[in-house]
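In: Predicted model and sequence follow; I will ask about them next.
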Amino acid sequence: LDTGNPFSSKPTATSAAAAAALAGGLEHEDTSTRQAAIDELRALTPERRRPALKAVLARLQHESAVAREAALMALGEIAQPTDTAVFEPLAVCLQDPSGDVPSLAAELLARLAPYDAT
């Protein structure tokens, strides 16, 4: 039975092109395909996350709010506080007029932003 899910065969991200293909799944109209892309991105090793991070960040500018929300969920799985490239795009997402994008961005910023109690 073909579910139409291009990630069901568990591809490995060994290059920027493969990472971009995984991130492309965040744009899919099918919820299970978007979730599969998020799951695959989560499973990447730390050294393979760098090209994926760039590809996912690019999806924050997608015309579809659903794709932007999926990109934010994926960032929540792969971004680390040391990934300073995420902060400016996340700040832009706070002004997004669509769906849950601003609240997801705020949650992610709160989790990733360095905190100094002094």
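Out: Everything's here; your move.
In: mind checking how far D83 is from R111?
Out: Plainly put, D83 is 12 Å away from R111 if you go by C-beta to C-beta, to the nearest Å. Bear in mind the C-beta positions are built from the backbone N, C-alpha and C, glycine included.
In: can you give me the strands for this protein?
Out: Ranges of strands in the chain, per DSSP state E: none exist.
In: Out of the helices and strands in it, which is least certain?
Out: For the chain, using mean pLDDT, DSSP states H and E, the weakest element among its helices and strands is helix 16-24, scoring a mean of 85.
In: Off-centre distance for that helix?
Out: Distance of helix 16-24 from its chain centroid, counting by C-alpha atoms, centre = their mean, to the nearest Å, is 11 Å.
In: just stretch 66-76 next, same as before
Out: Distance, centroid of stretch 66-76 to centroid of chain: 5 Å (C-alpha atoms, centre = their mean).
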